[in-house]
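Trainee: Provided below are the primary sequence and the corresponding predicted coordinates.
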Amino acid sequence: MIEESCFAETNRLSNMYKGRLQIHLNPDAPTHQNIAQYSFPHHDEKPRVSMKTAYIISLITAAAAQQLCKQYEAFSSDGYIVNNNLWGKDTGTGSQCTYIDTISSKGVAWHTTWTWSGDKSVKSYANSGLEFDPVLVSDISSIQSTAEWSYDNTDINANVAYDLFTAADSNHETSGGDFELMIWLGRYGIATPIGTQVGTADLGSMSWEIWNGMNGDMKVYSFVASDPVTSFGADIKDFWDYLTDNFSYPADSQYLLIVQLGTEPFTGGESTLTVSKFTASVA
């Protein structure tokens, strides 16, 4: 393999550029609109760059991009995006970093490690998401997705959940919308959805609590599993269809903006969520 044949040169370049790889991000940018740029600062040494060397530099750069610790630091590739997304960090004290294990057109594997104290509000939503052009919910035939995950600590206040936004404006930012659909695969401690429970539903061979409430001007529907679902596979379009049939959700005027899976920690000691597999497709 190229990587093995170039082992020595990889070490040489790693030492040469050690400490010089930088990820330049605007910390004030919206959650899903950060763009990571990579550059080598000017230096006196100008090594000759062969095709092999350029390939190895690209490997080093990609590896450096896979640790996300800044507030809204994100990395995207092959139609997927992973975001550290510490949107509520100012309501508590702690830290969190997210690491990309693999990312390709076939899906994402990643993990995030955090520790948070403070009030009972959400501190972050580290997540993996599918990137696509907004589409009317009524025009969608399926939203197939799979997720496999585990938490190394359950003595926490947190969830593991899908989060989807829709809006009447197809150009709406993907960090919010008119409607929000959450699918809670895991619920720990005092973590509770927005609003109140308004019923139950049987979808995807499972029974779910249905919660409904408002987050500002956004109407939020949450489907909550009674026990952790660490291996999940379903057509998420079924959840939108249920809301259309039972809660007058306006599918013919709402655009789906984002499909993402992550964790919302409220408080807890050092904990790691590992998502060994996340895939999604909109058709």
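Mentor: Sure thing, it's come through.
Trainee: ok, residue 69 touching residue 89?
Mentor: No - with contacts counted by CB atoms under 8 Å, residue 69 stays clear of residue 89, the gap being 11.6 Å. All C-beta spots, glycine's among them, are computed from the backbone N, C-alpha and C.
Trainee: between these two, which contacts overlap?
Mentor: Here residue 69 and residue 89 have residue 96 as joint contacts, going by CB atoms under 8 Å, 6 or more residues apart in numbering.
Trainee: ok, the two, which is more surrounded?
Mentor: residue 89 (18 against 13; other CB atoms under 10 Å).
Trainee: how about the nearest residue to that one, chain neighbours excluded?
Mentor: Distances taken as CB to CB, 6 or more residues apart in numbering put residue 123 closest to residue 89, at 5.7 Å, once the chain neighbours are dropped.
Trainee: who's in contact with that neighbour?
Mentor: The neighbours of residue 123, taking CB under 8 Å, 6+ apart as the test, are 86, 88-89, 91-92, 94, 96, 114, 116, 264-267.
Trainee: which one of these is nearest residue 282?
Mentor: For residue 282, the nearest member of the contacts of residue 123 is residue 264. The distance, counting by CB to CB, is 23.0 Å.
Trainee: three-state assignment of the residue nearest to that closest one when sequence neighbours are not counted?
Mentor: Nearest-residue entry for residue 264: residue 122, 4.6 Å, with adjacent residues in sequence omitted and distances by CB to CB, 6+ apart. Judged by DSSP: H, G, I helix; E, B strand; the rest coil, the three-state class of residue 122 is coil.
Trainee: residue 214: how many residues sit nearby?
Mentor: With other CB under 10 Å as criterion, residue 214 counts 11.
Trainee: return the set of buried residues in the helix or strand containing it.
Mentor: Using DSSP states H and E, residue 214 sits within strand 206-215. With burial defined by 16 or more other CB atoms under 10 Å, the residues of strand 206-215 counted as buried are 208-213.
Trainee: now, the most widely separated pair of those residues?
Mentor: Among these, 208 and 213 lie farthest apart (CB to CB), at 15.8 Å.
Trainee: what subset of the contacts of residue 123 is buried?
Mentor: 86, 88-89, 92, 94, 96, 114, 116, 264-267.
Trainee: in strands, which of the residues you listed fall?
Mentor: Cross-referencing the buried ones among the contacts of residue 123 against strands under DSSP state E gives 92, 94, 96, 114, 116, 264-267.
Trainee: now do the helix or strand where residue 272 lies, average pLDDT.
Mentor: Assigned by DSSP H and E, residue 272 falls within strand 255-282. What strand 255-282 shows for mean pLDDT is 99.
Trainee: list the buried ones in that strand?
Mentor: Buried-residue list, strand 255-282, by 16+ other CB under 10 Å: 255-268, 271, 273-280, 282.
Trainee: how far does it sit from its chain's centre?
Mentor: Put simply, strand 255-282 sits 5 Å off its chain's centre (CA atoms, centre = their mean, to the nearest Å).
Trainee: contacts only, for residue 89.
Mentor: Contacts of residue 89 by CB under 8 Å, 6+ apart are 71, 96, 123-124.
Trainee: for residue 169, same thing?
Mentor: Here residue 169 is in contact with residue 255 (CB under 8 Å, 6+ apart).
Trainee: hmm, try it at 10 Å
Mentor: By CB atoms under 10 Å, 6 or more residues apart in numbering, residue 169 lies in contact with 134, 177-178, 254-255, 257.
Trainee: so which residues of the stretch 101-250 of the chain form strands?
Mentor: Along the stretch 101-250 of the chain, the stretches classed as strands by DSSP state E, counting those that start in this stretch are 107-118, 126-130, 135-136, 143-151, 157-167, 179-188, 196-203, 206-215, 218-225, 231-235.
Trainee: same list, these, but as TSV with mean pLDDT please.
Mentor: Putting these into TSV (pLDDT from 0 to 100) gives the following:
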stretch	mean pLDDT
strand 107-118	98
strand 126-130	99
strand 135-136	99
strand 143-151	99
strand 157-167	99
strand 179-188	99
strand 196-203	98
strand 206-215	98
strand 218-225	99
strand 231-235	98
